[in-house]
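*Asks:* okay, here's the prediction I keep looking at, along with the sequence it came from:
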Amino acid sequence: MSGQPKRVGVSDVAKRADVSIGTVSNYLNYPDRVSDTLKAKIKAAIDELGYVPRQSKASQQRAVSNGLIGYVMTDIEHSLFTDIFEGIQEVCEDNDMQVIGANASSDAVRQSELVQMFVRIGCSGIILSTVMDSANDVDAARAAGVRIVLVDHAAPMSDVPTSCILEDNQMVGQMAVEELVRGGCTRLAFVAHSFDYQSVQDRYAGVRRAVERYRGTVSLELIDAHGLMVEDGYEVGRELVRRIQDGREIPDGVVAASDHLGIGVIRALSDDGHLRVPDDVCVIGCEGVRISHTAPVEMTTIDAPGADIGRKAMIELLDAIENPAAYVSSVTMLQPRLHRRSSTR
């Protein structure tokens with residue numbers, strides 16, 4: 001209801017105390033692991049905010065659940081997935097549960113092994129940030145009686161409907177185009193690789209849809225970066241410099257499928273000096289990872305709501321665990337946010 005105040009959660013305490021959610025978790029459950037200095041900061045934040053750990057009736061009466069959740073993340077080096085983890089952890093803390101995170105390292109075989117491991121150790125549920133379409137993993141978990149929720153990926157062609165929580169990545173692509181066109185860009189490039197990732201497919205679809213609305217006044221070029229990391233973006237930036245030196249036309253606006261690619265493009269252009277960002281080329285990233293501000297020119301990004309995805313996924317999973325007879329799967333799309341910095345006009 002609109003008149004109800006927002007409940008204070010673990011993340012609020014962590015933010016006020018300027019510590020991680022995990023540190024607050026240790027303070028509440030394993031205080032011997034926390035230094036006296038941090039204990040004092042966390043206690044002050046708890047007292048100031050009036051935080052009270054929730055003991056829900058459902059959690060008190062949970063008989064079949066061991067309170068252990070497995071989270072398989074696509075790649076731990078990507079801050080989106082650690083943000084999702086923090087959101088999951090917050091809800092777990094509020095419900096007397098624990099989450100174990102495991103890194104699939106963008107490897108579909110390893111992902112399957114991790115799902116099987118979580119099933120073997122008897123996890124109450126699994127949250128899966130899938131590398132690609134993973135119907136077999138979903139079906140294997142379900143066959144073992146383990147509830148599963150997907151994040152950052154729409155449900156695969158599984159035998160059983162599966163809930164998923166994800167960012168609206170087509171909207172990400174559209175917002176990126178609108179930001180570049182707003183700044184006067186008319187020759188756009190989508191820099192990407194590995195269309196096995198649904199998020200990349202959807203961002204490209206959004207970019208194309210937005211460009212089509214300009215009826216030929218805005219062009220679009222697809223550039224294969226042969227990877228999604230900073231060094232791959234750097235090579236794209238060097239190629240743009242070579243093109244301008246050869247008298248060839250280059251894009252004046254770059255949509256980078258990953259922030260790492262965008263950072264690499266900016267670094268290459270800055271190192272060479274022939275092309276200036278954003279005067280000659282604007283660059284926008286599609287993720288909002290924590291290193292986006294480390295580029296020589298701080299990069300404008302479309303930020304993914306990682307912590308919100310994690311929180312909603314865990315709430316959805318709790319519902320599936322605690323109300324199996326009444327539970328109905330669903331798809332939840334969260335809206336991205338534009339974070340304008342210095343790499344666009």
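*Replies:* Received it, and whenever you're ready, just let me know what you need.

*Asks:* quick one, helices of the stretch 151-300 of the chain?
*Replies:* For the stretch 151-300 of the chain, the helices defined by DSSP state H, counting those that start in this stretch cover 169-182, 198-212, 230-245, 259-272.

*Asks:* deepest-packed of those, please.
*Replies:* helix 259-272 (a mean of 25; mean count of other CB atoms under 10 Å). Where C-beta positions appear, they are placed from N, C-alpha and C, glycine not excepted.

*Asks:* can you tell me which helices and strands that one packs against?
*Replies:* Under the contact definition 3 or more CB pairs under 8 Å, 6 or more residues apart in numbering; DSSP states H and E, helix 259-272 sits against strand 187-192, helix 230-245, strand 253-256, strand 282-285.

*Asks:* how about those, which one is nearest Ser105?
*Replies:* helix 230-245 (17.1 Å; CB to CB).

*Asks:* how close does the residue nearest the centre of the chain get to Asn95?
*Replies:* Geometric centre of the chain, nearest residue: Leu80, 3.3 Å, by CA atoms, centre = their mean. Remark: distance between Leu80 and Asn95 (CB to CB, to the nearest Å) = 23 Å.

*Asks:* need the CA coordinates for the strand or helix carrying Ile126. CSV is fine.
*Replies:* Under the criterion of DSSP states H and E, Ile126 resides in strand 125-128. Output of strand 125-128 as CSV, limited to C-alpha atoms (Å, rounded to 0.1, in the frame of the first residue of the first chain):
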residue,chain,number,x,y,z
GLY,A,125,16.4,-24.0,-4.6
ILE,A,126,18.7,-22.8,-7.3
ILE,A,127,19.0,-19.4,-9.0
LEU,A,128,20.7,-19.8,-12.4
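
*Asks:* can you tell me what sits against that strand?
*Replies:* Strand 125-128 is contacted by residues 69-72, 84, 88, 99, 111, 115, 118-119, 134, 137-138, 141, 146-151, 310, 313-314, 317-318, 320-321 when judged by CB atoms under 8 Å, 6 or more residues apart in numbering.

*Asks:* just the ones in helices from the residues you listed, please.
*Replies:* Per DSSP state H, helices hold the following members of those: 84, 88, 111, 115, 118-119, 137-138, 141, 310, 313-314, 317-318, 320-321.

*Asks:* neighbour-wise, give me the winner out of these.
*Replies:* Ile84 (31 neighbours; other CB atoms under 10 Å).
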